[in-house]
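Trainee: got a predicted structure here, sequence first:
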Amino acid sequence: MRGALALLVALLLTGCTHQEKPLTQKERERAASIGQMAVKRLMGELKTNLGTALKEGGFPKAIEFCAGKAEELTAKVNKELVVVRVKRVSDKYRNPKNRPDKLDLAVIKEFKEKLKEGKLPPYEIKRIKLNGKEYLVYYKPILVAPFCLNCHGEPTRMNPEVLRVIKEKYPQDRALGYRAGQLRGVFKVLIPEEEVKGG
């Protein structure tokens, strides 16, 4: 499983070029449907397990869950999805495995600009060529809810124990200082082009 996850990360971070060829309406609809399904699967898995961790030990336990199990659960979901790959990325990542590539950063910047204008779209889809193969990439924005501030807010307003665990588990953390309503990052779904054309 580790080898497969490492390959996925390598594919997502290297050898990728953005293609300007426009999407047809059918491609966009099919990619959106596949992307939404993959995001729903991952969100459901993470929320269920995060809820359990919160019940067991509050937000410090939730941080420990994220550090120890979130990537494992993401790999589990990807194994179930077979050919589609889903992950989370952020320009202010907590886990280095969620570091964005150039296209991710461009989409995040675009989402932030649209959010300021009050015109944030529910998703964006890009076409890329990765190691000679074409893919569509579905991006869904992740917004900061008030609840998220318990682990991602202004440090001076956070529980000291939560901050201690964050520092212990993520010594290079970049994911503090958010306000409710800001863009936290994106869900990213990599979809082989044949999956879209076959739908």
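Mentor: That came through fine.
Trainee: show me the contacts for the residue nearest to the spatial centre of the chain.
Mentor: The residue lying closest to the centre of the chain (CA atoms, centre = their mean) is residue 88, at 1.4 Å. By CB atoms under 8 Å, 6 or more residues apart in numbering, the contact set of residue 88 is 42, 74, 98, 142, 185-188. In short, each C-beta sits where N, CA and C put it, glycine included.
Trainee: do residue 98 as well
Mentor: Residue 98 is in contact with 87-90, 185, counting by CB under 8 Å, 6+ apart.
Trainee: thinking again about what came up before, closest to residue 23 out of the contacts of residue 88?
Mentor: Taking CB to CB as the measure, residue 23 sits nearest to residue 188 out of those, at 16.7 Å.
Trainee: what is the nearest of the contacts of residue 88 to residue 136?
Mentor: Comparing the contacts of residue 88 against residue 136 with CB to CB places residue 188 closest, at 11.3 Å.
Trainee: surely that closest one is in contact with residue 135?
Mentor: No. Judged on CB atoms under 8 Å, residue 188 makes no contact with residue 135 at a distance of 11.0 Å.
Trainee: residue 171 should be in a strand, yeah?
Mentor: No. Read with DSSP: H, G, I helix; E, B strand; the rest coil, residue 171 is coil and lies in no strand.
Trainee: what's it sitting at in phi/psi?
Mentor: Main-chain torsions, residue 171, degrees, to the nearest 10: phi -60, psi -20.
Trainee: would you mind giving me the confidence score for it?
Mentor: pLDDT recorded at residue 171 is 94.
Trainee: count of neighbours near it?
Mentor: By other CB atoms under 10 Å, 7 other residues sit near residue 171.
Trainee: that older thread, tell me the phi and psi of the residue nearest to the centre of the chain?
Mentor: Backbone geometry at residue 88, expressed as degrees, to the nearest 10, gives phi -110, psi 140.
Trainee: that one and residue 46, how far apart?
Mentor: 9 Å (CB to CB, to the nearest Å).
Trainee: pull up the overlap in contacts between these two.
Mentor: With CB under 8 Å, 6+ apart as the test, residue 88 and residue 46 both reach residue 74.
Trainee: tell me the helices and strands packed up against the helix or strand containing residue 55.
Mentor: If you go by DSSP states H and E, residue 55 is part of helix 25-81. When contacts are defined as 3 or more CB pairs under 8 Å, 6 or more residues apart in numbering; DSSP states H and E, helix 25-81 sits against helix 2-13, strand 85-89, strand 124-130, strand 133-143, helix 149-152, helix 160-169, strand 183-192, helix 193-197.
Trainee: about what we covered before: and the pLDDT at the residue nearest to the centre of the chain?
Mentor: According to the prediction, residue 88 has pLDDT 97.
Trainee: okay, the angle between the helix holding residue 55 and strand 124-130?
Mentor: With axes from the mean of the first three to the mean of the last three CA atoms, to 10 degrees applied, the angle from helix 25-81 to strand 124-130 works out at 70 degrees.
Trainee: helix 25-81 to strand 183-192, inter-axis angle?
Mentor: Calculated by the same axes, to 10 degrees, helix 25-81 forms an angle of 90 degrees with strand 183-192.
Trainee: ok and helix 25-81 relative to strand 85-89, angle-wise?
Mentor: 90 degrees.
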